[in-house]
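Peer 1: Could you work out the structure for the sequence below:
(chains A, B, C and D)
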Protein chains: 2
Amino acid sequence: MPTSEDVARAAGVSQSTVSYVMSGKRSISPATRKRVEEVIEQLGYHPNSGAQALASSRTNVIGLVVPFRPNLDMTVMSEFLAEIASLARAQDHDILLVTADEGPAGLRRLVGRALCDALILMEVGSKDDRIPVARELGVPVVLIGVPEDRAGLHCVDFDFEAAGATCVDEMADLGHGQIGLLAIDPASMKGKANFSVRFRRGVDAAALRRGVQVRTLVMQANHTDASRVIDEVLLMDPPVTGLILQHSDSPDPVTAVLLEHGLVPGSDLAVIGLCPDALAERLRVPMTTIQQQASEVSRRAMATLFRMLNQEIPTTGEVDLVPVKLVRRASMNRRAFTRESAHTIA
Amino acid sequence: MPTSEDVARAAGVSQSTVSYVMSGKRSISPATRKRVEEVIEQLGYHPNSGAQALASSRTNVIGLVVPFRPNLDMTVMSEFLAEIASLARAQDHDILLVTADEGPAGLRRLVGRALCDALILMEVGSKDDRIPVARELGVPVVLIGVPEDRAGLHCVDFDFEAAGATCVDEMADLGHGQIGLLAIDPASMKGKANFSVRFRRGVDAAALRRGVQVRTLVMQANHTDASRVIDEVLLMDPPVTGLILQHSDSPDPVTAVLLEHGLVPGSDLAVIGLCPDALAERLRVPMTTIQQQASEVSRRAMATLFRMLNQEIPTTGEVDLVPVKLVRRASMNRRAFTRESAHTIA
DNA sequence: CAAACCCGTCGAAGCGCATCGATAACGATG
DNA sequence: CATCGTTATCGATGCGCTTCGACGGGTTTG
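Peer 2: Presented below is the predicted three-dimensional model:
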């Protein structure tokens, strides 16, 4: 591997000049610059990152801490990964991928070993033991997620509360006053994640505001449980005319069960949910959803992170919630005033 | 941040002694070792990775190159990521996540800048422009996937050919002589990936061997197209009694369409496919599948990589195919000899 | 026309570690 | 008892870079 010394010799300049050509931190005459750049090109020179880090105490690496717990929505997660990695590269940074297995000590290691200049913590839970450590790390940190105790830390996330509210509003706007919320089990791992909690908070608030009744049924995202839950829904009185799906992987089973009952989403029952677009669109009846734009969240997180790295803003935290976007598809219908049919058909 | 110099001073030894305590490359008296280790603990010392890399020309980082092209099966992908990251940490290594956006030049950058000691290339296609570069990089490389031109490179992957064959064998064993293969469009991005090609090669070979007829229908993994394709299948003569699903996201739509036709998988029609376990199990009729054990592939890839890093084996390549595992669920039935009913029911 | 500046360049001093050779202390060996 | 290994430690060097101060020559200024 050629070093900057090699480049300097070949270009007939000093090593420090090569360094200044690369960093642009001092003015260089056009002639020398050209000569040096040609040699760099020709030799295929790349600065040694270790040496660079040692001398400048800047690694140009961002640590991305992902708790790969099972049962995570990987579709969304990988959108994050792709976008974050790409944005990092655009600013000449790289991404160090760290699982959360190591816990808080892992964060200390990253910073202590000077493996990265900044951290992004993904999938932050309501109570997350990475939080207190993150605060004292002395490097810029951005959280994806909104923990309870977030003082001094910058958070970015989807606005799940607005998402919940939007679902209810859309229902109410179409005349549905009796809504079934097919919800994630609050006792489960996923249910404890704060996005789950915030979504339901949004639903509840909007229900109150709009004067509609929301009945919650906890379900697992599989056909058997969907079947059980839909049976319950159909027996409710007054009859439920709209369903909100919280699980991102419940659209398939729920749609399947509804169809088995002769109920077509968008005609016999209004259905709205939270899932990836690709899934929503490939259903028998494409589903109206709240779109989760991972790219937008990533963009904001990275923008903030780089501003912190460049000392443009203090590391003091605030919550940056990305507005939700309702994508209307065929699964929502206006309430029919004479729909008692559900019971009989079923 | 404390340095090894700080540790040395506090422990009353020289800096080099601290270094030897940490690396274990020279013998240290138990007394000194204990003293040094205590100071390390107490000061919260972590060796600076940049300095370490500079001095030892070893980064303890593995570059993981992932082409985040849309339409990738992220469920499987993230299993890889999680397992690889975890295995790396177990050997005191970290993972640098690199998207393939930069192409071959990105690989040169990684090695040229000495950002990592070794590379794993994921989702390697049949013809992949990263391959020629990878070969000349001068660092250990392991490919996940099997490109055509793989001389000198170590590949690990699922044995998709065996997967295809196993599907056909299972069908044949249960008496099915007329099989429909609902296949990925070979002209699509995904269809060009070599795993797709290999699966179909396995299917074809086994069909020939077992003397069964496989008719291929290209489909998209959505309800509309599934409907179109199943209509075609049901009109075939002689009647198809078993379906092989190549798309990992076709089980939902296909099952849905079959049920609409009054056909229950596992009773009226045998269905087998290639998809994540979680999906297979949450279907109305849990589906028999070929299980893709990402963890096993990861383990083998990492094991080989570390052996190359430790000079235990040469960097000469071979293909390491992970045997497939058939997981029987409820979607397969023995052929009924008098099933003409499909047409009439449909 | 000298003083004050700016521009482009160079030399040198580290950054924090790994590692090699040297050295001292100390049994074991003949 | 002189010699040879061993074992445990230290000092010095260098990895490849960034960055600071210095310096010469050209330009501006009073």
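
Peer 1: measure A:Phe68 to B:Arg9 for me?
Peer 2: Applying Cβ to Cβ, to the nearest Å, the value for A:Phe68 to B:Arg9 is 40 Å. Any C-beta I mention is one placed from the backbone N, CA and C, and that applies to glycine too.

Peer 1: So for those two, which residue has more residues nearby?
Peer 2: A:Phe68 (20 against 15; other Cβ atoms under 10 Å in any protein chain shown).

Peer 1: Excluding sequence neighbours, find me the nearest residue to the more buried one.
Peer 2: B:Ala82 (3.5 Å; Cβ to Cβ, 6 or more residues apart in numbering or on different chains).

Peer 1: Give the residue spans of chain A that score low on pLDDT.
Peer 2: Within chain A, the segments meeting pLDDT under 70 span A:315-316, A:337-346.

Peer 1: OK, contacts around the residue sitting nearest the centre point of it?
Peer 2: Relative to the mean C-alpha position of chain A, the nearest C-alpha, by Cα atoms, centre = their mean, is the one of A:Ala294, at 4.8 Å. By Cβ atoms under 8 Å, 6 or more residues apart in numbering or on different chains, the residues touching A:Ala294 are A:76, A:79-80, A:83.

Peer 1: Tell me, how many residues neighbour A:Val233?
Peer 2: Neighbours of A:Val233 (other Cβ under 10 Å): 23.

Peer 1: That one against A:Val240, yeah?
Peer 2: Yes. Between A:Val233 and A:Val240 there is a contact at 5.2 Å, judged by Cβ atoms under 8 Å.

Peer 1: Give me the common contacts of the two.
Peer 2: Shared contacts of A:Val233 and A:Val240 (Cβ under 8 Å, 6+ apart): A:Gly180.

Peer 1: thinking again about what came up before, and the angle for the helix or strand hosting the residue nearest to A:Phe68 with helix A:74-90?
Peer 2: Using DSSP states H and E, the element containing B:Ala82 is helix B:74-90. On the basis of axes from the mean of the first three to the mean of the last three Cα atoms, to 10 degrees, helix B:74-90 is oriented at 60 degrees to helix A:74-90.

Peer 1: Skipping its backbone neighbours, what lies nearest A:Ser295 in space?
Peer 2: If the residues on either side of it in the chain are set aside, A:Ser295 comes closest to A:Glu83, at 4.7 Å by Cβ to Cβ, 6+ apart.

Peer 1: can I assume the residue nearest to A:Phe68 is in contact with A:Leu72?
Peer 2: No. Using Cβ under 8 Å, B:Ala82 is not in contact with A:Leu72, being 9.2 Å away.

Peer 1: So between those two, which is more surrounded?
Peer 2: Neighbours were counted for B:Ala82 and for A:Leu72 using other Cβ under 10 Å; B:Ala82 has more, 23 against 18.

Peer 1: does the helix or strand hosting A:Val98 come close to chain B?
Peer 2: Element membership for A:Val98, per DSSP H and E: strand A:94-99. Yes. Applying Cβ under 8 Å from any Cβ of the partner chain, one finds strand A:94-99 touching chain B at A:94-99.

Peer 1: And the following helix or strand past that strand, what's buried?
Peer 2: Downstream of strand A:94-99, the first helix or strand assigned by DSSP H and E is helix A:104-112. Of all the residues in helix A:104-112, those buried under the rule 16 or more other Cβ atoms under 10 Å in any protein chain shown are A:104, A:106-112.

Peer 1: again with stretch A:260-274
Peer 2: Per 16+ other Cβ under 10 Å, stretch A:260-274 contains these buried residues: A:260-261, A:263-266, A:268-274.

Peer 1: Also stretch A:176-195?
Peer 2: Within stretch A:176-195, the residues that count as buried by 16+ other Cβ under 10 Å are A:176-184, A:190, A:193-195.

Peer 1: just to revisit the earlier point, give the burial count for the residue lying closest to the residue nearest to the centre of chain A once chain neighbours are set aside, as a bare number.
Peer 2: In space, and not counting its chain neighbours, A:Ala294 is closest to A:Glu79: 3.6 Å by Cβ to Cβ, 6+ apart. Other residues lying near A:Glu79 total 21 when counted by other Cβ under 10 Å.

Peer 1: how near is A:Glu79 to A:Leu119?
Peer 2: For A:Glu79, the distance to A:Leu119 - Cβ to Cβ - is 20 Å.

Peer 1: Equivalent analysis for A:Gln246, please.
Peer 2: Taking Cβ to Cβ as the measure, A:Gln246 and A:Leu119 are separated by 29 Å.

Peer 1: ok, these two, which is more surrounded?
Peer 2: A:Gln246 (27 against 23).

Peer 1: so what's that one up against?
Peer 2: Residues near A:Gln246 by Cβ under 8 Å, 6+ apart: A:181-184, A:196, A:199-200, A:273-274.

Peer 1: let's see it at 10 Å
Peer 2: Listed by Cβ atoms under 10 Å, 6 or more residues apart in numbering or on different chains, the contact set of A:Gln246 reads A:160, A:163-164, A:167, A:181-184, A:190-191, A:195-196, A:199-200, A:203, A:216, A:218-219, A:221, A:273-275.

Peer 1: same check, this time on A:Ala336
Peer 2: A:175, A:241, A:267-269.

Peer 1: Next, format the residues you listed as a markdown table and append distance to B:Ala330 and secondary structure.
Peer 2: Listed next are those as a markdown table, based on distance: Cβ to Cβ, whole Å; DSSP: H, G, I helix; E, B strand; the rest coil:
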| residue | distance to B:Ala330 | secondary structure |
| --- | --- | --- |
| A:Gly175 | 41 | coil |
| A:Thr241 | 34 | coil |
| A:Ser267 | 31 | coil |
| A:Asp268 | 29 | coil |
| A:Leu269 | 28 | strand |
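
Peer 1: Which strands and helices lie in contact with the one helix or strand A:Val254 maps to?
Peer 2: Assigned by DSSP H and E, A:Val254 belongs to helix A:251-260. Helices and strands touching helix A:251-260, as assessed by 3 or more Cβ pairs under 10 Å, 6 or more residues apart in numbering or on different chains; DSSP states H and E, comprise helix A:223-234, strand A:242-245, strand A:270-273, helix A:277-282, helix B:251-260.

Peer 1: quick one: A:Arg209 and A:Asp169 touch, right?
Peer 2: Yes. With contact defined as Cβ atoms under 10 Å, A:Arg209 counts as touching A:Asp169 (8.6 Å).

Peer 1: higher neighbour count, these two?
Peer 2: The residue with more neighbours, out of A:Arg209 and A:Asp169, is A:Asp169; 18 against 12, by other Cβ under 10 Å.

Peer 1: what about the residue nearest to A:His154 when sequence neighbours are not counted, which helix or strand?
Peer 2: Of all residues not flanking A:His154 in the chain, A:Gly317 sits nearest, at 4.4 Å (Cβ to Cβ, 6+ apart). Using DSSP H and E, A:Gly317 is not contained in any helix or strand.

Peer 1: Likewise for the one 3 residues further on?
Peer 2: In this structure, A:Asp320 is located in strand A:319-322 according to DSSP H and E.

Peer 1: Quickly run through the sheet partners of that strand, with directions.
Peer 2: Its sheet considered, strand A:319-322 pairs with strand A:154-158 (parallel) by DSSP bridges.

Peer 1: Just the buried residues of the partner strand, please?
Peer 2: Across strand A:154-158, burial judged by 16+ other Cβ under 10 Å covers A:154-158.

Peer 1: what's the next helix-or-strand element following that strand packed up against?
Peer 2: Using DSSP H and E, the helix or strand that follows strand A:154-158 towards the C-terminus is helix A:160-173. In this structure, helix A:160-173 packs against strand A:178-183, helix A:194-210, strand A:213-218, strand A:242-245, strand A:270-273, strand A:288-291, strand A:319-322, strand A:325-327, with contacts taken as 3+ Cβ pairs under 10 Å, 6+ apart.
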